[in-house]
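**Student:** sequence first, then the predicted structure, then my questions.
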There are 2 protein chains.
Amino acid sequence: MKKKLSINDIAKSLNVSVTTISFILNGHAEEKRISDELVQRVQKYIAEVGYKPNSLARSLRTGKSHTIGLMVEDISNPFFANIARMIEDNAYKNGYKILYCSTDNDTEKTKDLIQMFQERHVDGYIIAPPEGVETEINTLISSGSPVVLFDRNLPEVNTDYVGIDNYGSTYNAINHLISRGYRNIGFVTLSSLQSQMQERMQGYESALAEHNMYQHIKEIPYSNEPDDIIKHVSAFLMRKKELDAVLFGTNYLAVNGLRAIYNLGLKIPDDLAVIAFDDHDVFQLSNPSITAITQPIKEISGEVINLLLNKLKSPLKQKKVQTLILDTTLQIRKSLR
Amino acid sequence: MKKKLSINDIAKSLNVSVTTISFILNGHAEEKRISDELVQRVQKYIAEVGYKPNSLARSLRTGKSHTIGLMVEDISNPFFANIARMIEDNAYKNGYKILYCSTDNDTEKTKDLIQMFQERHVDGYIIAPPEGVETEINTLISSGSPVVLFDRNLPEVNTDYVGIDNYGSTYNAINHLISRGYRNIGFVTLSSLQSQMQERMQGYESALAEHNMYQHIKEIPYSNEPDDIIKHVSAFLMRKKELDAVLFGTNYLAVNGLRAIYNLGLKIPDDLAVIAFDDHDVFQLSNPSITAITQPIKEISGEVINLLLNKLKSPLKQKKVQTLILDTTLQIRKSLR
DNA sequence: ATGAAAGCGCTAACAC
DNA sequence: GTGTTAGCGCTTTCAT
């Protein structure tokens, strides 16, 4: 367990001052006109002994931790797990590490988490926020931390946001169902005021309204427990025997909705047509395959990390806040006739 | 953007020395016999102004970052995503944050990643290692960092490991197939020397050998590209028309294997029986549902984080290295007759 | 029971 | 071009 080398040790061994080493390390050699010869010598020595600057000390000094805080609803949800993966790749390429956490859509938990990240001095935040954390995020922003929101927006928070056209997505999906002759279309969603869920519901409602059709909405409280969802969906379907189609508002609602449907012995699409919001391996591979509104995960993560890296690079420039709304695709499969 | 308070500001405002504040903050009040009255006053003030110690400075001083490095093959793989989630919950409960990264099974990338984590002074490591990083991990360990391995073991590394009975799992699965009358059983696996894949293969081979049956093994190079896997599996199945059953060595091999099977128009289980290693929503919900060897994800993550937290708590005590091998369950579904 | 001060390792303003 | 040095905010030894 050999002692870690410090910049001081290097300086001593080389009979140079720490400043010089520091300048070379931080790419100020040119600007400070340090002799090429010296630069070479220092770099060679550093490589030889495998010296690595202590990033803690550096962070303490510079105030930058080169860490990004990623806050999602649940890192084990495939949608967020995929986003996490792509953000990771990009962040690491740019010298940033990722601290992650799952909010469980829990406002209080999220507040705590924000505070923890703040204490850790993360340089920037990527957040899919639950309701009710507007104040905390605004505090973050006004204290100078770059924040990019995604998946759901917080209208009272004035910062970059990357999302999808939720309204249009469900609106189109419902119209597609209607054009295929479905007349009693249900919507299973989260009991939530989050912007994306509200918009999805509005798209559903508008499409129905234009055709003078009845709404059949089931709002389910957020839960990590598949059984909770299955029970709610089952009860809903039992009660609404007239339904000939159902749109699920999220991927896990759909996954567990499918379980409920199969449990009830319903046949897709003959007894019930199904559309899911957000794609999932399950929807491609189940038999029949399930029509899904697919989000452009790659683009979403790409835009999110780009926005954040830009802010991180030029924190001074008070750029206009950007709101990016990407399009989804209705991936038509066999779950409707 | 108000300036952050430091312990010095607090000390000044309260007309107390920083030492006292620090002692109170770190729970040494009792031991240092600081008057209750003072303790109260300080804590009240701290709560009032919302002072939070700078964890960077603290880390620099103490050498502890209260961060755990989590290295998995791919955070977007449901198996690892679920593990990540459970480890997160546990770690946060104990005051640790998680820095994560995906190795892609890439030895060089992993070496870099280890170094990065090391530079960040993570307090402990949880690693599902690729081949070839034995030296780096041993260096880590001998420099005093606690390391817990999981999913795949590195025999040359002497540290805690949590895994499953890979050999027994495939051995039993194959025997189950044989007992159901299958005679030409294929095994689709990763072209990898990782311990878990080797053991799974051995289980397959032993079971076949005991019944004097031929092996049909397809080793596929690791790839993030589903199409690569689909092509390999398709080619394999086309070549080996005599197969009446196939065991997939990982969940994503199975998921993409299913795609290949459906593409080829093969019917499960009539044309081909299927067993997957590692469960997945897809296997439960596809029709027919797919028999799977399920890993006890909750237990695995629980043991992993416990082992690490224990080491973190008592680093001195040179405990015996623990190797935990958990059992899997053969979840029988409709993919075999 | 409380305070002064050293020092963790680094950066950068300032001096020469 | 290179060196000296003052902190960044905290913990902890030592002194009182």
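**Tutor:** Cool, got the structure. Numbers count the residues shown, from 1 in each chain, chains lettered A, B, ... in the order given.

**Student:** near DNA strand D, which residues of the stretch 51-200 of chain A are found?
**Tutor:** Those residues of the stretch 51-200 of chain A that sit near DNA strand D, judged by Cβ under 7 Å from any atom of the strand, are A:57, A:60-61. The way it works is simple: take the backbone N, C-alpha and C, and place the C-beta from them, glycine included.

**Student:** all strands for chain A, in order.
**Tutor:** A:67-72, A:97-102, A:124-127, A:147-150, A:160-164, A:185-190, A:216-220, A:245-248, A:273-277, A:291-294, A:323-326, A:329-331 (DSSP state E).

**Student:** low pLDDT regions in chain A?
**Tutor:** For chain A, the stretches with pLDDT under 70 are A:1-3, A:315-318.

**Student:** picking that back up, among the residues of the stretch 51-200 of chain A next to DNA strand D, name the buried ones.
**Tutor:** A:57, A:60 (16 or more other Cβ atoms under 10 Å in any protein chain shown).

**Student:** dump the residues of the stretch 51-200 of chain A next to DNA strand D into TSV; add distance to A:Asn82 as well.
**Tutor:** Below are these laid out as TSV (distance: Cβ to Cβ, whole Å):
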residue	distance to A:Asn82
A:Ala57	36
A:Leu60	35
A:Arg61	36
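
**Student:** between the residues of the stretch 51-200 of chain A next to DNA strand D, which is nearest A:Tyr214?
**Tutor:** A:Tyr214 has its nearest neighbour among these in A:Leu60, at 62.2 Å by Cβ to Cβ.

**Student:** what sits closest to that closest one if chain neighbours are left out?
**Tutor:** B:Leu56 (4.6 Å; Cβ to Cβ, 6 or more residues apart in numbering or on different chains).

**Student:** correct me if wrong: that neighbour contacts A:Ser65.
**Tutor:** Yes - with contact defined as Cβ atoms under 8 Å, B:Leu56 reaches A:Ser65; the gap is 6.9 Å.

**Student:** circling back to that earlier point, just give me the neighbour total for the residue nearest to A:Leu60.
**Tutor:** Neighbourhood size, B:Leu56 [other Cβ atoms under 10 Å in any protein chain shown]: 21.

**Student:** what sits against the nearest residue to A:Arg120 once chain neighbours are set aside?
**Tutor:** Residue nearest to A:Arg120 in three dimensions, not counting chain neighbours: B:Ser55, with 5.8 Å by Cβ to Cβ, 6+ apart. Residues in contact with B:Ser55 (Cβ atoms under 8 Å, 6 or more residues apart in numbering or on different chains) are A:119-121, B:66.

**Student:** ditto for A:Glu134
**Tutor:** A:Glu134 neighbours (Cβ under 8 Å, 6+ apart): A:154, A:156-157.

**Student:** at 10 Å instead, please
**Tutor:** A:154-157 (Cβ atoms under 10 Å, 6 or more residues apart in numbering or on different chains).

**Student:** from DNA strand C, how far off is the residue nearest to A:Arg120?
**Tutor:** 12 Å (Cβ to the nearest atom of the strand, to the nearest Å).

**Student:** on that earlier part again, pick out the most distant pair among the contacts of B:Ser55.
**Tutor:** That would be A:His121 and B:His66, which, of those, are the farthest apart (Cβ to Cβ) at 12.8 Å.

**Student:** measure A:Ile293 to chain B for me?
**Tutor:** 18 Å (Cβ to the nearest Cβ, to the nearest Å).

**Student:** could you do A:Ala84 as well?
**Tutor:** For A:Ala84, the distance to chain B - Cβ to the nearest Cβ - is 6 Å.

**Student:** and the closest residue to that residue other than its chain neighbours, how many neighbours?
**Tutor:** Nearest non-adjacent residue to A:Ala84, counting by Cβ to Cβ, 6+ apart: B:Ile75, 5.5 Å away. By other Cβ under 10 Å, the residues close to B:Ile75 number 25.

**Student:** looks like B:Ile75 contacts A:Asn82 (just checking).
**Tutor:** Yes - the pair B:Ile75 / A:Asn82 is scored as a contact, 9.0 Å apart, by Cβ atoms under 10 Å.

**Student:** shared neighbours, these two?
**Tutor:** The contact sets of B:Ile75 and A:Asn82 overlap at B:Ala81 (Cβ under 10 Å, 6+ apart).

**Student:** stretch A:279-293: which residues count as buried?
**Tutor:** A:279-286, A:288-293.

**Student:** of the contacts of B:Ser55, buried ones?
**Tutor:** Buried among the contacts of B:Ser55 by 16+ other Cβ under 10 Å: A:120-121, B:66.

**Student:** can you put these in a markdown table and add distance to DNA strand C?
**Tutor:** Formatted as a markdown table, the buried ones among the contacts of B:Ser55 follow (distance: Cβ to the nearest atom of the strand, whole Å):
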| residue | distance to DNA strand C |
| --- | --- |
| A:Arg120 | 17 |
| A:His121 | 13 |
| B:His66 | 16 |
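
**Student:** get me the contact residues on the stretch 201-337 of chain A for chain B.
**Tutor:** A:224, A:226, A:251-252, A:255-256, A:258-259, A:262, A:268, A:280-290, A:297 (Cβ under 10 Å from any Cβ of the partner chain).

**Student:** and the end-to-end length of stretch A:215-226?
**Tutor:** 25 Å (Cα to Cα, to the nearest Å).

**Student:** of all residues in the stretch 151-300 of chain A, which one is closest to DNA strand D?
**Tutor:** Nearest to DNA strand D in the stretch 151-300 of chain A, going by Cβ to the nearest atom of the strand, is A:Thr159, at a distance of 24.8 Å.

**Student:** these two touch, right, that residue and A:Val147?
**Tutor:** Yes - the criterion here is Cβ under 10 Å, and A:Thr159 meets it with A:Val147 at 4.9 Å.

**Student:** hey, what's in contact with both of the two?
**Tutor:** Common neighbours of A:Thr159 and A:Val147 (Cβ under 10 Å, 6+ apart) are A:125, A:127, A:137-138, A:140-141, A:307, A:311.

**Student:** scan those and report the most crowded one.
**Tutor:** Counting by other Cβ under 10 Å, top hit in those: A:Ile127 with 28 neighbours.

**Student:** just give the nearest non-adjacent residue to that residue, would you?
**Tutor:** Closest to A:Ile127 by Cβ to Cβ, 6+ apart is A:Met71, at 4.5 Å.
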